[in-house]
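Asker: Below: sequence and its predicted model.
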Amino acid sequence: MSQMRLGKTELLVNKNGFGALPIQRATIDNSIRILQKAYENGINFFDTARFYTDSEEKIGQALSTVREKIFIATKTAAVNEESFWRDLEISLNNLKTDYIDLYQFHNPSFCPKPGDETGLYEAMCKAKEQGKIRHIGITNHRLAVAHEAIDSGLYETLQFPFCYLSTEKELELVEKCKEADMGFIAMKALSGGLITNASAAYAYLDQFENVLPIWGIQREHELDEFLEFSNNPPTLTEEIQQVIEHDREELLGEFCRGCGYCMPCPAGIEINNCARMSLLLRRSPSELQLTSEAQQKMKKIEDCIHCNQCKAKCPYGLDTPNLLKKNYVDYLEVLEDRSKVSV
Ligand code: SF4
Ligand code: SF4
């Protein structure tokens, strides 16, 4: 398994990180088994967040006996000093540790800096002085905040969505992080489930020596797949390049990544799935998207009050209400075609 240096943090990490958001959906026993298996097979970087319900607790239960041999990254979405310290203490307690290797601001809408009156960056520095955290990072979905964080010189890592569907703008961030000696942590390497060829996703990211992908893992067979890749890394063969080109043509542009940052919706619409239904129908087993429960969720689009809150919050600048409408029209057509076939 290859290792990489995570920028100026000087952490030497396995080139494959463990993204611990999906284990929220796994049972405790399965989560513990998966996390321990990941560690036993060389994965040493685990990324979680205070926001990911019981993910931190599961890491604490699974890995506290090997604490010194792993690196833990977690995140706080605190908006003031008080919630910062509360989050940090809860995370330390959940993770059964007295220090966090990398503490990250979780997708803030601005770049926390000393003197900005939130007290957040000062709290990070104090926590570092106290030895409760070792390195300071930031995660984001907004290009402007990411650039500001790099330019500020205040952060050791940036976590940002990055995959083979990314554009020149994200590539520029990767390059800028390299110049600033910041670690670049790639989230959403499978673009929220829209990339279905994991070996192509792996081969693409493996080319960037300063990029640490964190693979979101919920099931053992998903872990096995990435372990196999790290032992026998897929390369950018002509065949894989064709897969990438095909997906780029099909997916680039106005598509919803399923991140959920536009939610909650006052009309109760499950935007992160409904706004990409046309893609889900065609890129995953369609039956899953056509159950009566799924149909009810799609029908909720009719309740949209056009408040545009979702549009304002979408970090990809999508016209979300319009996208929902288009997906709903397509969905109704698919349902109609299906009923004709079954008659
Ligand atoms: S515009 Fe519609 S979908 Fe978007 S937040 Fe408002 S009600 Fe929900
Ligand atoms: S509409 Fe935008 S914010 Fe909402 S889930 Fe999709 S990509 Fe994320």
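Answerer: Perfect, I can see it now. Ligands and ions are numbered 1, 2, ... in the order given.

Asker: When you work out contacts or count neighbours from here on, use the C-alpha atoms and nothing else.
Answerer: Noted.

Asker: Are stretch 243-261 and ligand 2 in contact anywhere?
Answerer: Yes: Stretch 243-261 reaches ligand 2 (CA under 6 Å from any ligand atom) through 256-261.

Asker: Okay, buried residues for that stretch please.
Answerer: Under the neighbour-count criterion of 16 or more other CA atoms under 10 Å, stretch 243-261 has 244, 247-248, 255-259 buried.

Asker: And the spatially most central residue of the chain, how close does it get to residue 41?
Answerer: By CA atoms, centre = their mean, the chain has its centre lying nearest to residue 187, at 3.9 Å. According to CA to CA, to the nearest Å, residue 187 stands 21 Å off from residue 41.

Asker: again with residue 23
Answerer: Taking CA to CA, one finds residue 23 at 18 Å from residue 41.

Asker: Neighbour count for these two, which is higher?
Answerer: Neighbour totals were compared for residue 23 and residue 41, and residue 23 leads with 26 against 14 (other CA atoms under 10 Å).

Asker: can you list contacts of stretch 68-79?
Answerer: 13, 44-51, 84, 87-88, 91, 100-108, 118, 120 (CA atoms under 8 Å, 6 or more residues apart in numbering).

Asker: what's the first-to-last distance across that stretch?
Answerer: 30 Å.

Asker: Which of the residues in it are classified as buried?
Answerer: 70-78.

Asker: number of nearby residues for residue 122?
Answerer: Residue 122, neighbours per other CA under 10 Å, totals 17.

Asker: Could you number the chain from 52 rather than 1 from now on?
Answerer: All right, first residue 52 from here; so that's residue 173.

Asker: dump the residue contacts of it.
Answerer: Contacts of residue 173 by CA under 8 Å, 6+ apart are 164-165.

Asker: That one: helix or strand, and which one exactly?
Answerer: Using DSSP states H and E, residue 173 sits in helix 171-180.

Asker: For that helix, what is the distance to the chain centroid?
Answerer: 24 Å (CA atoms, centre = their mean, to the nearest Å).

Asker: for the record, mean pLDDT for it?
Answerer: Across helix 171-180, pLDDT averages out at 98.

Asker: Could you do stretch 212-220 as well?
Answerer: 88.

Asker: The closest residue to residue 98 other than its chain neighbours bridge partners, please.
Answerer: Among residues not flanking residue 98 along the chain, residue 124 sits closest, at 4.7 Å (CA to CA, 6 or more residues apart in numbering). For residue 124, the beta-bridge partners under DSSP bridges are residue 98, residue 153.

Asker: hang on, residue 126 in a helix?
Answerer: No: Residue 126: not assigned to a helix; according to DSSP: H, G, I helix; E, B strand; the rest coil it is strand.

Asker: Tell me how far it lies from ligand 1.
Answerer: According to CA to the nearest ligand atom, to the nearest Å, residue 126 stands 26 Å off from ligand 1.

Asker: still on that earlier bit, out of the contacts of stretch 119-130, which end up buried?
Answerer: The buried subset of the contacts of stretch 119-130 (16+ other CA under 10 Å) comprises 64, 95-102, 135, 138-139, 142, 151-159, 171.

Asker: that older thread, the residue nearest to the centre of the chain and residue 210 touch, don't they?
Answerer: Yes: judged on CA atoms under 8 Å, residue 238 makes contact with residue 210 at a distance of 6.6 Å.

Asker: Just the ones of the contacts of stretch 119-130 in strands?
Answerer: Under the assignment DSSP state E, the contacts of stretch 119-130 contribute 64, 96-98, 151-157 to strands.

Asker: Neighbours of residue 361, how many?
Answerer: 22.

Asker: The one 5 residues further on now?
Answerer: Residue neighbour count, defined by other CA under 10 Å, stands at 16 for residue 366.

Asker: Helix, strand, or coil at it?
Answerer: coil.

Asker: where along the stretch 252-394 of the chain do the strands fall?
Answerer: 262-267 (DSSP state E, counting those that start in this stretch).

Asker: near ligand 2, which residues of it show up?
Answerer: Checking the stretch 252-394 of the chain against ligand 2 by CA under 6 Å from any ligand atom, the hits are 307-313, 322-323, 365-367, 369, 371.

Asker: For those residues, could you give me TSV that also reports pLDDT?
Answerer: Conversion of those to TSV gives the following (pLDDT from 0 to 100):
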residue	pLDDT
307	88
308	81
309	81
310	76
311	78
312	80
313	87
322	95
323	89
365	88
366	77
367	80
369	91
371	96
